[in-house]
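>>> attaching a predicted model along with its sequence, questions to come.
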Amino acid sequence: MVSVYLCDRIRPEHYPGNRLTCHQIWHDIWKNGEERLPPRVGGDIQMRALGMKRRGSRVQDAGSGEAPKHEDEAKQAEQEDEEAEQEVEEAEQEAEQEEEAEQEDEEAEKEDEEAEQQQEEAEQQQEESEQGMKKKWMRQQSRRGE
């Protein structure tokens, strides 16, 4: 890894948009009582001036300060995509659960109908057997009366 020092990046030929000297940056930090560089200095410079890991692209040119914004936008878009995928998956799961619940309800209704039919059939058989018994009894009574 190439070490880049604050004074190397502050030179006008390396960073055309910033005309601050190393002393001006140090003075601003000292007078503000801050550990981080003031916001007007590019974020890429701040990170390396503090000895932190570089977030931007590995290209060592003036445009490298724009890379973190693109990375942040890409990460945000990725998170939004993941959230959308999760929402779709949750919706699919809910739909599946609803379908399963509907199927269970239909099965329960069919079972209830079958039970009712069986009960009606049993009642009919009982009535028929009772009528058959009454007929037999009536025949027996009529035979006795003869």
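Nice, I can see it. All figures in this text were calculated on a predicted structure; none of them were measured in a lab.
>>> list the contacts for Glu78?
With contact set as CB atoms under 8 Å, 6 or more residues apart in numbering, Glu78 has no partners. From N, CA and C alone the C-beta is placed, and that goes for glycine too.
>>> so for it, what's the pLDDT?
pLDDT recorded at Glu78 is 89.
>>> on the three-state scheme, it is what?
Remark: Glu78 carries the secondary structure label helix [criterion: DSSP: H, G, I helix; E, B strand; the rest coil].
>>> what of Leu20?
Quick answer, by three-state DSSP: Leu20 is coil.
>>> that one: how many residues sit nearby?
Leu20: 18 surrounding residues under other CB atoms under 10 Å.
>>> next: Ala101.
10.
>>> and the pLDDT for it?
Ala101 is given a pLDDT of 94.
>>> and it, how far from Asp112?
Taking CB to CB, to the nearest Å as the measure, Ala101 falls 16 Å from Asp112.
>>> which other residues reach stretch 85-94?
The list of residues contacting stretch 85-94 from outside it, by CB under 8 Å, 6+ apart, is empty.
>>> what is the mean pLDDT for it?
Across stretch 85-94, pLDDT averages out at 93.
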